[in-house]
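Visitor: Here is my input, please return the structure:
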Amino acid sequence: MNIYIEAFDVECVRTLEPCAVEGMIQIGDYEETLYIPLNWWSLDDYKKQWRDGFDRLTYYDKSCLIVAVNNPNISKFIEWWVLYKVKDKIYIQNHIFMEEVYHKRLNNEWFTAKTCYRFIPDRGEPYDEDGNKISEWVIE
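Guide: Numbers count the residues shown, from 1 in each chain. Below you'll find the predicted structure:
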């Protein structure tokens, strides 16, 4: 599988609030810098979820890699990369939940490293409700 995720440092990026560490995700030739907030989850929480997220694809057709979870008492925000296994390919989409979507998807349930998999939507068509193509990466 040609997908890689890591956190570069345990030092917070001082210009960001909340405290965040820099990291990256690479999907094939695509690479994106991440700023992983540490106001709700620890860096160890993220790293464990990433390992579990990759391992989950062994037994399930859907998984995810969480890259940002804010303290929901302060700011309802989640960013994650959702992974869909279809035959011998993995389809990857970047999803963000903010206030309205957060409430709609979570419905007052807790989003944790153990419960996050319950909130993965079905892949469906690669278009949003307005007919725009959803960004999606494919790896084999």
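Visitor: Now name the helix or strand holding Gln49.
Guide: Secondary structure from DSSP states H and E places Gln49 in helix 43-56.
Visitor: Could I get the buried residue list for that helix?
Guide: For helix 43-56, the buried set under the neighbour-count rule, 16 or more other CB atoms under 10 Å, comprises Tyr46, Lys47, Gln49, Trp50, Asp52, Gly53, Arg56. Just so you know, the C-beta spots here come from the backbone N, C-alpha and C atoms, and that holds for glycine as well.
Visitor: do stretch 106-122 as well
Guide: Quick answer for stretch 106-122 (16+ other CB under 10 Å): Leu106, Phe111, Ala113, Cys116, Phe119, Ile120.
Visitor: Now those residues in a markdown table, please, with extra columns for secondary structure.
Guide: Converted to a markdown table, those look like this (DSSP: H, G, I helix; E, B strand; the rest coil):
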| residue | secondary structure |
| --- | --- |
| Leu106 | helix |
| Phe111 | coil |
| Ala113 | coil |
| Cys116 | helix |
| Phe119 | helix |
| Ile120 | coil |
